[in-house]
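Visitor: The sequence isn't on hand, but the structure is:
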């Protein structure tokens with residue numbers, strides 16, 4: 001059954017883990033540029049840093065969204081957990097964990113949410129009329145966007 005918010009990735013997201021030396025500044029810039037180049041509106045929802053004896057701990061949460069048409073909006077959330085962060089010759093040495101979440105917001109303008117009849121029609125429309133388009137066109141495109149973003153990240157951490 002297709003609901004208003006349709007998750008494209010598993011509920012726990014897709015995770016990349018890396019421990020070692022990498023270009024953190026390049027990673028940060030590269031990901032932001034990717035969102036801009038792919039017409040996503042990018043927001044940094046959270047950014048906290050703590051200085052600990054073993055190194056800095058950085059937590060960041062990003063949210064990006066892109067309107068595909070008048071009915072579908074793609075959303076990608078990226079959560080960063082960086083531990084034991086230290087600078088080393090212009091690079092970063094750290095334990096990095098990045099988790100991606102991707103979902104579609106169907107009827108993001110809430111045109112079909114006015115009353116019970118509209119909600120029923122919304123259900124029928126999503127699950128019978130455009131279900132194939134959601135599962136083949138939109139879902140595949142959003143998964144491709146996430147995979148492209150992951151490849152950008154891998155280029156900076158490997």
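Guide: Done, it's in. Because the structure is predicted, anything quoted here is derived from the model rather than measured.
Visitor: residue ranges for the helices of the chain, please.
Guide: 24-37, 116-124, 131-133, 139-157 (DSSP state H).
Visitor: Would you reformat those as TSV and include mean neighbour count?
Guide: Every residue, glycine included, has its C-beta placed from N, CA and C. Converted to TSV, those look like this (neighbours: other CB atoms under 10 Å):
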stretch	mean neighbour count
helix 24-37	16
helix 116-124	13
helix 131-133	12
helix 139-157	16
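Visitor: Which strand residues bridge the most centrally placed residue in the chain?
Guide: Taking CA atoms, centre = their mean as the criterion, residue 76 is the residue nearest the geometric centre of the chain, at 2.5 Å. Beta bridges link residue 76 to residue 64, residue 102, judged by DSSP bridges.
Visitor: Please determine how far it is located from residue 23.
Guide: Per CB to CB, to the nearest Å, residue 76 is found 22 Å from residue 23.
Visitor: Specify the stretch among the helices of the chain that is closest to residue 6.
Guide: helix 139-157 (7.8 Å; CB to CB).
Visitor: What helices and strands are in contact with the closest one?
Guide: Helix 139-157 sits against strand 14-22, helix 24-37, strand 72-88, strand 91-106, with contacts defined as 3 or more CB pairs under 8 Å, 6 or more residues apart in numbering; DSSP states H and E.
Visitor: Pick the most buried one from these.
Guide: Ranked by mean neighbour count, the helices and strands packed on helix 139-157 are led by strand 91-106 with a mean of 20 (mean count of other CB atoms under 10 Å).
Visitor: for it, what is the average pLDDT?
Guide: In this model, strand 91-106 has a mean pLDDT of 96.
Visitor: cool, and stretch 147-158?
Guide: Per-residue scores along stretch 147-158 average to 92.
Visitor: Residue 49: which of the helices and strands packed on helix 139-157 is closest?
Guide: Closest among these, using CB to CB: strand 72-88, at 8.5 Å.
Visitor: In this structure residue 94 contacts residue 84, no?
Guide: Yes. Contact criterion CB atoms under 8 Å: residue 94 and residue 84 qualify, at 5.6 Å.
Visitor: any idea how far the residue in the chain sticking out farthest from the centre is from residue 39?
Guide: Distance from the C-alpha centroid of the chain, by CA atoms, centre = their mean, peaks at residue 117 (32.6 Å). The gap separating residue 117 from residue 39 is 34 Å, by CB to CB.
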